Every structure is written in structure tokens, then in C-alpha cells.
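Novice: what's the 3D shape of this:
(one chain, ligands or ions: 1)
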Amino acid sequence: MANKGGLEGIVVADVQTSLVDGVNGKLIYSGYSIEDLAANASFEEVFFLLHNVRLPNATELEAIRSQIATEGVVPQPVLDMMKTLPKGTPAMAAVRTATSMLSPYDADAENLTDKEVARNKAARLTGQVAAICAAWVRITKGEEPVAPRADLTLAENFVYMMTGEDPDETASAAVNVYLVLLAEHGMNASTFTSRVVTATGSDMHSAVVAAIGALKGPSHGGANAEAMKMFMEIGEPENVQPWFDTHIKDGDRRIMGIGHRVYKAPDPRAAVLKEHAERLAESSGNTKWYEIAVKLADAARADEYFIERKLFPNVDYYSAIVLSTLDLDIDMFTPLFVMARMAGWTANIVDQMQGRLIRPKANYVGPVDLSWTAVEDR
Ligand code: ACO
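Specialist: This is a model prediction of the structure:
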């Protein structure tokens, strides 16, 4: 039988970071349900939890919050390089490039063995990547980047660095819940990528840059931007059914933000994000994108094709609506996913350090026993 590819169902590591139960639609990070964490946790608490497999006490929480904020300063040459990137550079390409350039400025970049050094580097890099994302928002508007403030959480700092003003509470809370929900997710493609790079003995910056590259694709993190573009293409709630009939039922397009390799039940993150999307859309005074998203999900859920294949909205579907209320360009949606997943990637990278080389094999299906032909005879 031909190999379907995709390493589906293959276990590559024992982990303590997250359990993705695709049959029952459940997700836990190191023991805590995603619903509990989304209702109560700050991103910093989740960062600590993923790295330490326990929640921080008050002193530890303040230490990690302060470390991410104070060490999250981006070296000036990196910001200067970002300003030279051509107009129209995709935000994910800018974030990937700038993240790579952080390593020569990090004194610990090539320390590949000490896990304590690695945990500190992870906190620093997490703060810096958020500052890079906010800097890109400002640079593309012709504004000077703003450095992080020492007294803020990462979610507040992102809003502050993006706007240059005291962070709005609603926006910061929306960013925080988004960061918590997307911080970690089993052996997803980008986390696997980060582990493959780390298992060769390479450094954390290389592993994170490779993971950003994997997340960029529309089958993975790029789907949040593609979902929003799709809602905008539909344009109005009354266009949903005709659009669905033309492009999905009678066409060959996929609904972006629907379907998942592991979840064959509703993605629990989508349910939480749907509630936030509804509230934020109402308070922003623009409920159109939310209404379109709900109508399209309902159209899919009523369709035999989607029912048979157990296709439900995934995390990217309603997160597109949440992010749209933050006044972000669609191009910035996937960089926000990067900010969140830094927690999970780095926890997996530290766990993988000094682990065994990840090296699967290929099933050769090409020709055999050919004889060499000189170039002039071909
Ligand atoms: N719309 C329509 N049909 C779909 C969709 C969709 N969004 N997703 C899957 N299907 C169909 C496939 O055509 C296939 O049908 P078939 O059995 O008749 O061939 C079946 O469902 C299974 O799909 P696969 O592509 O084999 O599933 P796989 O596990 O490889 O892919 C993926 C999962 C990539 C997420 C897929 O569902 C998809 O492309 N979704 C849209 C993109 C997206 O939302 N990606 C984000 C995923 S979540 C994340 O990474 C954070």
C-alpha cells in the first residue's frame, strides 16, 4: 500500500508539556485543562508551567514576568536591519529573519549543554520575539520601535510596544488569553521541527527559527491569516451559504481554520476562543466577521462531507476573529501565534537537549540497477 505520509500516529517522544486528546476533544498543559488555564492563567504562569511541570509561587511568577520583560530588549542592530527590509516583506519573514539575527548578540547562544542557561535563554528569547513582532507593526507604519517596559506582563507589553501608549485592559486580556491558548500543543509540526533541529546538537536560536518557518505554512499557523482572508472574501453574512456551495461543495477549496490532524472532536481551544470572539466583537461594535464565521461553521457542520470526516473549527478559526479586534494587519496574525508558541517550543527544546538524534528513514521507490550513461550519450 502506498505510504500516505505525514508520520500520522507516530510517537516521537515522551513529554510532560501537553496532552492532546483528539478523540474526546481535550487538551491539558502539564496537568491543567486548557479551559482552567484560559480562565485563570497569565502567559507567564503557562511559560513557567511548561518549563517546570508545576505552577510558580508568587515569587517565582514575579521573577519570570520580570525576566521576560527586562531581558526582552532587542539589540539596536537587529531593529536597524528590520528597517532595511523591502516594503511588502511578509511579517513572518521579517520575524524569522530578525529572530535569527538575535543569536550573535546573545552571549549564551552557543551554550548547548547547560539546561539552566537554556531556560534563561528561553525567557529572554520569548520577550525578544514579542518585541520584534511589536517593532514590525511600528516599522511598517514608519514609526520607531518602542522598548518593553519592566513593569508589564508580556501581553500588556506587546500592546504597549505596538501602540506606544499605556496598554488597554481589554486588548491586553485578549492577547493574554490568546497566548495561553496557543502556547503549546503536543507534537505539532513546528514543535517537531524544533526538536529535530535540537536533536542534532544545534542551538536554540536555530531551532526556534526553523519552528517559525514551519509555523508559517497555511496548513499550520498560517491558517489564522487565511481564515480571516476567507471571511473577508465572503464579505457579508448573507453570502455565506452561496460561497460555501460554490467554493466548498461544488469547488475544491478547503475552509481555512477547519480540520485537524489529531482532533476528530471539537478543538477545545476553539470553544474558548469562540466565546471571547463573540464578546470582543460585540464590544468593538463590529460583529460582522464573527457572524460570518459562525454561519460558515454551521454550514460545514450541517454538511455530510464535514460530518463524515469529523471536521470541526480548529484554534485558528475563531482566533482570526479575536485578532481582528486588536486592529492588527492580517499579516501579523501568524506572528502572534509565534509569540505564544515560544513557550511550548522552548520547553520542548530544553527537554530535547542531549536527546537522541531524530532520524527516520525513507521507503525508496525509485529505479534500481541502472547502468551509467556518459553525458554525451544521454
Ligand atoms: N476543508 C475541507 N475539507 C477538508 C478540510 C477543510 N478545511 N480539512 C480536511 N479536509 C478533508 C480532506 O480533503 C480529506 O478528505 P478525503 O479523505 O476525502 O481525501 C479529509 O478531510 C482528511 O484531510 P487530510 O488533509 O488528510 O487531513 P490532515 O490531517 O493531513 O490535515 C489539516 C489536517 C492540514 C489541518 C487540514 O484539515 C487542513 O488543511 N485544514 C485547513 C488548514 C488549517 O486550518 N490549518 C490549521 C490546523 S491547526 C494548527 O496547525 C494550529
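Novice: go ahead and flag the most central residue of this protein.
Specialist: The residue lying closest to the centre of the chain (C-alpha atoms, centre = their mean) is F337, at 2.9 Å.
Novice: tell me the confidence at that one?
Specialist: You'll see F337 listed with a pLDDT of 97.
Novice: run through the residues of this protein sitting next to the ligand.
Specialist: Residues of the chain found near the ligand (C-beta under 6 Å from any ligand atom) are 6, 219-221, 223, 254-261, 309, 311, 314-316. Glycine gets a C-beta too; all of them are placed from N, C-alpha and C.
Novice: among those residues, which ones are buried?
Specialist: 220-221, 223, 254-261, 311, 314-316 (16 or more other C-beta atoms under 10 Å).
Novice: between those, which is closest to the ligand?
Specialist: Nearest to the ligand among these: G259, at 2.2 Å, using C-beta to the nearest ligand atom.
Novice: ranges for the helices of the stretch 251-378 of the chain?
Specialist: In order along the chain, the stretch 251-378 of the chain carries the following helices (DSSP state H, counting those that start in this stretch): 268-284, 288-301, 304-308, 315-324, 333-352.
Novice: so which of those is the most surrounded?
Specialist: Mean neighbour counts were compared across those using mean count of other C-beta atoms under 10 Å; the top stretch is helix 315-324, at a mean of 28.
Novice: of the buried ones among the residues of the chain next to the ligand, which is the nearest to L50?
Specialist: Using C-beta to C-beta, V315 comes nearest to L50 of those, at 16.7 Å.
Novice: wait, doesn't the closest one sit right on P268?
Specialist: No. Using C-beta atoms under 8 Å, V315 is not in contact with P268, being 9.1 Å away.
Novice: tabulate the helices of the stretch 251-378 of the chain (CSV), appending distance to G88.
Specialist: CSV is the format used below for those (distance: least, C-beta to C-beta, whole Å):
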stretch, distance to G88
helix 268-284, 28
helix 288-301, 25
helix 304-308, 36
helix 315-324, 21
helix 333-352, 16
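Novice: the ones you listed: which one's closest to P77?
Specialist: Nearest of the helices of the stretch 251-378 of the chain (C-beta to C-beta): helix 333-352, 20.4 Å.
Novice: how about low-confidence regions in the protein?
Specialist: The model of the chain has pLDDT under 70 over residues 1-2.
Novice: G72 against T153, yeah?
Specialist: No. Using C-beta under 8 Å, G72 makes no contact with T153, being 11.3 Å away.
Novice: more neighbours: which of those two?
Specialist: Taking other C-beta atoms under 10 Å, G72 and T153 do not tie; G72 has more neighbours (26 against 20).
Novice: Three-state assignment for the nearest residue to the more buried one once chain neighbours are set aside, please.
Specialist: Closest residue to G72 apart from its sequence neighbours, by C-beta to C-beta, 6 or more residues apart in numbering: G127 at 2.1 Å. Under DSSP: H, G, I helix; E, B strand; the rest coil, G127 falls in the helix class.
Novice: which parts of this protein are strands?
Specialist: According to DSSP state E, the chain carries its strands in the segments 18-21, 26-29, 32-33.
Novice: quick one: the residue nearest to the centre of the chain and A225 touch, right?
Specialist: No. With contact defined as C-beta under 8 Å, F337 and A225 do not form a contacting pair (9.3 Å).
Novice: relative to the ligand, how far out is E62?
Specialist: According to C-beta to the nearest ligand atom, to the nearest Å, E62 and the ligand sit 31 Å apart.
Novice: roughly how far does the nearest residue to L37 once chain neighbours are set aside sit from R269?
Specialist: In this structure, L37 finds its nearest non-sequential neighbour in V180, 5.5 Å apart by C-beta to C-beta, 6+ apart. Going from V180 to R269 by C-beta to C-beta, to the nearest Å gives 10 Å.
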